[in-house]
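In: Could you look at this predicted model? Sequence included:
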Amino acid sequence: MAHNDPVNDLAPLLTPEGRALLDAVRGTAPADELAVATRLRRTHPAALVSAALGQERLRQRAAVKFGAEDAARMFFTPNGVEQSTRASVAAYRAARLRELGVSRVADLCSGIGGDAIALARAGIRVLAVDRDPVTAAAARANADALGLAGLIDVREADVTEVDTAGYDAVFVDPARRGGRGRIFDPEAYSPPLSWAVAAALKAPHAALKVAPGIPHEAVPAEAEAEWISDGGDVKEAVLWFGTDPGAVRATLLPGPRTLRGAGLPNPPVRPVGRYLYEPDGAVIRAHLVADVARDLDGGLVDETIAYVTADTLRPTPYATAYEITDRLPFNVKKLKALLREREVGILTVKKRGSAVEPEELRKKVRPQGPNAATVFLTRVAGAPTMLVGRPAEAPTADGPRA
């Protein structure tokens, strides 16, 4: 199929004929590709038609990250769609750099230009560097398509050979995928994290994008570490230089809402109270569950599980609250009987510290009825446990709402 073909050369798509074809295939559904391709190949080269259809498929995939309006004008490679930063996250990072007084950034490993676009829209001049010619061509085309060519200078080069002197900040987004998939060792990034840190230390400010699973012990002492989630999904970690060395932050988008770590010890384990709080993934990755527990006057259900329990309902943007109605030892038959008694047909299953898969449990209990419930498969004080509850609404001045 056309949308599986690699995009090896964007140049034909940048011609008047290529752009006309892109307009002609806009909005083509996968099921209609064969018919559209057959029709267009009567008047256009087959390779160009395939390239246009492949680009349209990439644009449709990219709409999730860039928004439909921008994605419909941009140019992508398969790897570019996969590895690009979500626009909301890139805009947040660009705003932080702008607040630091940065006006010129060297964007190393710029890819198709997603971060460069966000930086330029924040009013920052960008040198965007990538060694892959097709990727650099896509970044150049995207800067032009979005009216940002005057702020983005795209250079095809090896980032390790680029002189960043004279720039207020360096941004590095190393490749974290190889031939076998994701790369988890920071020193196996391309370029390695150690090189990126060395480049960061040469600039007044720097931001290094790394995988959210980076071990805390791998964070350099000179860096501030920030974990970012968007809509509840953890997207990345950023190592900031020239800000607050040693600081740890969790930032939730939209917002942004930022929780700064206070260096607290692990919260105590306590009996399950009326409410269970599920911290945002960025909070968990940043090891800031203790900070959330302190603000909620709560504790952990188990020393190894990132669920906070408390007796009172308090508003917090950093965790989702549930009212617990039942606590059961792990027993599928008892759970099935309870759900039948409550007429629960809409069942949400969450797990932390349990080997049972949610779909497996759902098939066994076969929920039926008009009511909804949430089941947590977890450990409480070391014992496999099922906690049953429902989302709790934040309290108002008049107290919790039913």
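Out: Perfect, thanks for sending it. Residues are numbered from 1 along each chain as shown.

In: Run through the chain and note the low-pLDDT ranges.
Out: In the predicted model of the chain, residues 1-8, 177-181, 394-402 satisfy pLDDT under 70.

In: Next up, the contacts around the spatially most central residue of it.
Out: The residue at the geometric middle of the chain, judged as the C-alpha nearest the mean C-alpha position with C-alpha atoms, centre = their mean, is Lys235 (2.0 Å). Neighbour list for Lys235: 85-86, 89, 212, 228-229 [criterion: C-beta atoms under 8 Å, 6 or more residues apart in numbering]. C-betas here are computed from N, CA, C, even on glycine.

In: Nearest to Phe376 among the residues you listed?
Out: Comparing the contacts of Lys235 against Phe376 with C-beta to C-beta picks out Ser229 as the nearest, at 20.0 Å.

In: If we go by neighbour counts, what in the biggest helix by length in the chain is buried?
Out: With DSSP state H applied, the helix covering the greatest number of residues in the chain is identified as helix 46-66. By neighbour count, with 16 or more other C-beta atoms under 10 Å as the criterion, the buried positions of helix 46-66 are 48-62, 65-66.

In: ok, now stretch 237-256?
Out: In terms of neighbour count (16+ other C-beta under 10 Å), stretch 237-256 has its buried residues at 237-243, 248-253.

In: one step back: could you measure the residue nearest to the centre of the chain against Trp227, distance?
Out: The spacing between Lys235 and Trp227, counted by C-beta to C-beta, to the nearest Å, is 9 Å.

In: Pull up the overlap in contacts between those two.
Out: Pro212.

In: got the contact list for Ile228?
Out: Going by C-beta under 8 Å, 6+ apart, the list of residues near Ile228 reads 89, 92, 234-238, 250-253, 282.

In: how about a markdown table for the buried residues of stretch 237-256, with distance to Met386 added?
Out: Listed next are the buried residues of stretch 237-256 as a markdown table, based on distance: C-beta to C-beta, whole Å:
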| residue | distance to Met386 |
| --- | --- |
| Ala237 | 33 |
| Val238 | 37 |
| Leu239 | 39 |
| Trp240 | 41 |
| Phe241 | 46 |
| Gly242 | 48 |
| Thr243 | 43 |
| Val248 | 33 |
| Arg249 | 34 |
| Ala250 | 28 |
| Thr251 | 33 |
| Leu252 | 28 |
| Leu253 | 32 |
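
In: and those, which of them are in strands?
Out: With DSSP state E as the criterion, strands contain 237-241, 248-253 from among the buried residues of stretch 237-256.

In: My guess is Asp173 contacts Gly111. True?
Out: Yes: with contact defined as C-beta atoms under 8 Å, Asp173 and Gly111 form a contacting pair (6.8 Å).

In: Against which helices or strands is the longest helix of the chain packed?
Out: Packing contacts for helix 46-66, counted by 3 or more C-beta pairs under 8 Å, 6 or more residues apart in numbering; DSSP states H and E, involve helix 16-25, helix 33-40, helix 68-71, helix 78-83.

In: angle of it against helix 16-25?
Out: The directions of helix 46-66 and helix 16-25 differ by 60 degrees, with axes from the mean of the first three to the mean of the last three C-alpha atoms, to 10 degrees as the criterion.

In: what's helix 46-66 in contact with?
Out: When contacts are defined by C-beta under 8 Å, 6+ apart, helix 46-66 is touched by residues 2-5, 7, 9, 12-13, 17-18, 21-22, 24-28, 30, 33, 36-37, 40-41, 71-72, 74-78, 80-81, 84-87, 114.

In: Could you rerun that using 7 Å?
Out: The set of residues that contact helix 46-66 without belonging to it, under C-beta atoms under 7 Å, 6 or more residues apart in numbering, is 2-3, 5, 7, 12-13, 17-18, 21-22, 25-26, 28, 33, 36-37, 40-41, 71-72, 74-76, 78, 81, 84, 86-87.
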